[in-house]
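**Q** Quick one, structure for this:
(one chain, ligands or ions: 2)
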Amino acid sequence: MTRLPFLTPGEEKEYLASCGVRPLNHRVAVLRYLVENPVHPSAEEIYEGLKNHMSSISKTTVYNVLNLLSDKNAIKRITIDKHELRYDANTQEHIHFLCTSCKSVEDLHHVAFPSVEIGEEYEIEEVDIEIKGLCPSCAQKKRANNWRYRP
Ligand SMILES: [Zn+2]
Ligand SMILES: [Zn+2]
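**A** Ligands and ions are numbered 1, 2, ... in the order given. Next up, the predicted model:
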């Protein structure tokens, strides 16, 4: 089955089943939210985004679903932000950039994911590349401020 991010609406149930997850409504809704909002939202943000459309969903349910889907590798936990976990429906290797000013987490799709050689005696399960700094818009604001206040 095609992996995310190539999942199109309507394929969520089949995708979850292929990950060994029973495609119950709340699970499908959380996965669909992540696919439609590829901004690496936190559990809180996902709950806020879903509660108006799904009165039956609770914060606890969202946390439980996120844990289940992450444990089954249907989605990915992103630990780049020390203050809260973020979630990603894109489970393919890609580089993350955290803006330390506006806290946005974006995918650096224009940068190739490097291959890492650590020796055949190791079995690599996961390679994460996380870069922190200022996003283009925050960097531009900082440059503008520096220019304005320069003595
Ligand atoms: Zn920013
Ligand atoms: Zn990502």
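
**Q** so residue 78 touches residue 84, yeah?
**A** No. Here residue 78 does not reach residue 84: they are 9.8 Å apart, not a contact under Cβ atoms under 8 Å. In this view, the C-beta of every residue, glycine as well, is placed from N, C-alpha and C.

**Q** what about those two, which has more around it?
**A** Between residue 78 and residue 84, residue 78 has the larger neighbour count (other Cβ atoms under 10 Å), namely 20 against 13.

**Q** This protein: strands as residue ranges?
**A** Per DSSP state E, the chain carries strands over the ranges 76-78, 86-88, 96-99, 105-107, 130-133.

**Q** Can you check which of the ones you listed gets nearest to ligand 1?
**A** Nearest to ligand 1, of all the strands of the chain, is strand 96-99, at 3.2 Å by Cβ to the ion.

**Q** what's the distance between residue 26 and residue 118?
**A** Per Cβ to Cβ, to the nearest Å, residue 26 is found 39 Å from residue 118.

**Q** now the strands of the chain in TSV, with mean pLDDT?
**A** Listed next are the strands of the chain as TSV, based on pLDDT from 0 to 100:
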stretch	mean pLDDT
strand 76-78	95
strand 86-88	96
strand 96-99	96
strand 105-107	95
strand 130-133	96
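
**Q** mind putting the ones you listed in CSV, distance to ligand 1 included?
**A** Listed next are the strands of the chain as CSV, based on distance: least, Cβ to the ion, whole Å:
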stretch, distance to ligand 1
strand 76-78, 16
strand 86-88, 15
strand 96-99, 3
strand 105-107, 9
strand 130-133, 9
